[in-house]
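[1] Sequence below, structure please.
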Amino acid sequence: MHFTNDVSANPLVRVGKAIERFWFQPADPTTLGLIRLFAGILALYTHLAYTYDLYEFFGPDAWMSLRYADKQRLEMPRPGATTGWYPTMPALPLDGLSPEQRANVLDGLAAFPETPAERERLLALLRQPTLPPDVDWGEWTFAPRTYLAGFPPETLGLAPRGRTLVANFIRDLPKDKAERARVIDYMKEWSFDPRTTPRGGFHWSLWYHVTDRAWMIVAHIVVVLIFVMFAVGFCTRVTSVLAWLAALSYLQRAPNTLFGGDTMMNILLLYLMIGPSGAALSVDRWIAHWWAVRQARRAGRPDPEWTPAPPMVSANFAQRMLQIHFCIIYFSAGTSKLLGGWWWNGNAIYYTMANYEFSPLRYGYYHSLLQALCANRLVWEFFMAGGTYFTLALELSLPFLVWNRRLRLPYVICSFMLHTAIAIFLGLVIFSLLMATMVLAFVPGETMRALIDRLRRQPRTVPSLEALPVEEALEKEEAPVVKTHIRAKHARR
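    Here you go, the predicted structure:
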């Protein structure tokens, strides 16, 4: 038997190294910086759009009033997940009842017998397999008939199991009349027992607390300034956190305005907060260089050259998280489309383009374009059916094939094409721009920096190789032009 001391031959070691390269290999933060710039501008525009109707969206008497919002976040039942096959159910089978029937049931419970003997008598009656047909309800100080009349015969209310649930619930009701009334009043509105069901949520918003009109304007101006500083990359480590919290404040106070663009914006802000989004293409980077020049001049040294941001582990981690989240979004969108018949028969794109709520059918040129597409069957099939199946194929295959280096660029281009079409034909411009910004996460930082340098007509700098000894630098697998540059430089010395 042959033994080897080569640890790299171990498959677990190779898997571990692959995971380490994927998540924790330092990466150029230029792509994150560009994503921050675009996402910051779009977030700034989105929140500037609230300015005109700020009080109508977030004031005490807004479309979702502060009183109703407080009720939702403080009192709404939040039944937790269960370990069994069935979800958490209300204490009483009230879901199948009409509002009038539910009121009858709960009013009857509120007036249940006060004396222990009569209470036990009622519980014994409710636990019987069948209700006796000859019960003289007039003998009762508490009228079970009022309570039982709330349940229609076809529901669990008159079935043995339903009556057992009712009996157990009555047995556990508070003895104190005021406390019992509080429990019943909560159940009239929410159906759940407030004693056993968690209430409220973890919602936070600035607008739950700032309700004065003048202070709302001041707070809104501060938020707009935060988004400006975040977009240009000033104090990014602080402003990225403040921008994310500010965006949540607006959405959680007025969830009736939430749509897909807001969701994508918050996803981007979250990962830009985690990663070093201000390390490149930012005011922070310019200030760091200015400070280095100032310190060098004070010390009598030559001015340092402008160098790109160094690779960072956190930049790679945040970019990978964005990539994976984008794949999850696409795969969820693709699989959900498979549930719709229009996506199978190829008509989905037509029904989106002919939707008066989204598409620009009010413009004559668009109406004429749609008529021209529908005039020829082959043209119609090419655009409508082809577009439908292209969307399905892209959303279902991108999460798996975009990781192939040869296929990555075509998939990024196809994703840009898809969201350009969504912006034009559905009018979802901000949503499409945010999705296009998110797909930039698949472009490596080095590639993005080289492209930016080319657009600025500047040669790409390679400071890491310049800093190395000539022998070590030449061992790197770099382009021949870099090797020639280093050899020439050392020859001049």
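[2] Show me what the longest helix along the chain is packed up against.
    Scanning the chain for the helix with the most residues, using DSSP state H, yields helix 313-337. Contacts of helix 313-337 with other secondary structure elements, assessed using 3 or more CB pairs under 8 Å, 6 or more residues apart in numbering; DSSP states H and E, are made with helix 11-24, helix 30-48, helix 260-274, helix 386-401, helix 429-439. Where C-beta positions appear, they are placed from N, C-alpha and C, glycine not excepted.
[3] from what I can see T30 touches L440, true?
    No. Checked against CB atoms under 8 Å, the pair T30 and L440 is beyond contact range at 10.5 Å.
[4] Save the helices and strands packed on helix 313-337 as TSV, and put in distance to Y411 too.
    As requested, these are exported to TSV (distance: least, CB to CB, whole Å):
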stretch	distance to Y411
helix 11-24	18
helix 30-48	16
helix 260-274	18
helix 386-401	5
helix 429-439	9
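[5] Can you add mean pLDDT, mean neighbour count and distance to R298 and give those back as JSON lines?
    Compiled in JSON lines, the helices and strands packed on helix 313-337 are given as follows (pLDDT from 0 to 100; neighbours: other CB atoms under 10 Å; distance: least, CB to CB, whole Å):
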{"stretch": "helix 11-24", "mean pLDDT": "86", "mean neighbour count": "11", "distance to R298": "37"}
{"stretch": "helix 30-48", "mean pLDDT": "95", "mean neighbour count": "23", "distance to R298": "29"}
{"stretch": "helix 260-274", "mean pLDDT": "93", "mean neighbour count": "20", "distance to R298": "34"}
{"stretch": "helix 386-401", "mean pLDDT": "93", "mean neighbour count": "17", "distance to R298": "52"}
{"stretch": "helix 429-439", "mean pLDDT": "94", "mean neighbour count": "21", "distance to R298": "40"}
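[6] out of these, which comes closest to A231?
    If you check each of the helices and strands packed on helix 313-337 against A231 by CB to CB, helix 30-48 wins as the nearest, at 2.8 Å.
[7] re earlier: which neighbours do T30 and L440 have in common?
    In terms of CB atoms under 8 Å, 6 or more residues apart in numbering, T30 and L440 are both contacted by the residues M448.
[8] quick one, helices of the stretch 351-493 of the chain?
    Along the stretch 351-493 of the chain, the stretches classed as helices by DSSP state H, counting those that start in this stretch are 364-375, 377-380, 386-401, 405-426, 429-439, 445-455, 463-466, 470-475, 480-492.
[9] Nearest to I349, out of those?
    Comparing the helices of the stretch 351-493 of the chain by their distance to I349 (CB to CB), the top pick is helix 386-401, with 4.0 Å.
[10] and the helix or strand containing W344, what does it pack onto?
    Taking DSSP states H and E as the definition, W344 sits inside helix 341-345. Under the contact criterion of 3+ CB pairs under 8 Å, 6+ apart, the helices and strands touching helix 341-345 comprise helix 386-401.
[11] Can you list the neighbours in contact with the helix it packs on?
    Helix 386-401 is contacted by residues 327-328, 330-331, 333-335, 337-338, 342-343, 346-349, 407, 411, 414-415, 418, 421 when judged by CB under 8 Å, 6+ apart.
[12] State the number of residues packed around A181.
    Other residues within reach of A181, judged by other CB atoms under 10 Å, total 12.
[13] Report the separation between it and M187.
    According to CB to CB, to the nearest Å, A181 stands 11 Å off from M187.
[14] Check R298 too.
    From R298 across to M187, the span is 73 Å (CB to CB).
[15] Where does pLDDT dip in the stretch 251-400 of the chain?
    Across the stretch 251-400 of the chain, not a single residue meets the criterion (pLDDT under 70).
[16] and G157, what pLDDT?
    Among the per-residue scores, G157 holds a pLDDT of 43.
[17] H203 too?
    According to the model's per-residue confidence, H203 sits at a pLDDT of 80.
[18] Does it belong to a helix, a strand or coil?
    Using DSSP: H, G, I helix; E, B strand; the rest coil, the three-state assignment for H203 comes out as coil.
[19] Can you report how many residues neighbour it?
    Burial of H203, expressed as a neighbour count using other CB under 10 Å, amounts to 18.
[20] wait, doesn't it sit right on Q252?
    Yes. A contact is recorded between H203 and Q252 when judged using CB under 8 Å, the distance being 4.7 Å.
[21] on that earlier part again, so for R298 and M187, which sits in the more crowded spot?
    Legend: neighbour count by other CB under 10 Å for R298 and M187, higher for M187 (24 against 8).
[22] The closest residue to the more buried one other than its chain neighbours sits in which helix or strand?
    Closest residue to M187 apart from its sequence neighbours, by CB to CB, 6 or more residues apart in numbering: L106 at 5.9 Å. With elements taken from DSSP H and E, the one containing L106 is helix 99-110.
[23] average pLDDT for that helix?
    Mean pLDDT, helix 99-110: 70.
[24] what distance separates the helix or strand following it from the centre of its chain?
    Stepping forward along the backbone from helix 99-110, the first helix or strand reached (DSSP H and E) is helix 116-126. Using CA atoms, centre = their mean, to the nearest Å, we find the averaged C-alpha position of helix 116-126 to lie 52 Å away from the chain's own average C-alpha position.
[25] Mind giving me the packing neighbours of helix 116-126?
    For helix 116-126, the helices and strands in contact under the criterion 3+ CB pairs under 8 Å, 6+ apart are helix 144-148, helix 160-172.
[26] Could you pull up the mean pLDDT of whatever helix or strand comes next after the last one?
    Spelled out, that is helix 160-172. Where DSSP H and E defines the elements, the next helix or strand beyond helix 160-172 is helix 177-190. Taken as a whole, helix 177-190 has an average pLDDT of 82.
[27] buried ones in the helix or strand following helix 177-190?
    With elements assigned by DSSP H and E, the helix or strand that comes after helix 177-190 is helix 213-232. Judged by neighbour count (16 or more other CB atoms under 10 Å), helix 213-232 contains these buried residues: M216, A219, H220, V223, V224, I226, F227, V228, M229, F230, A231, V232.
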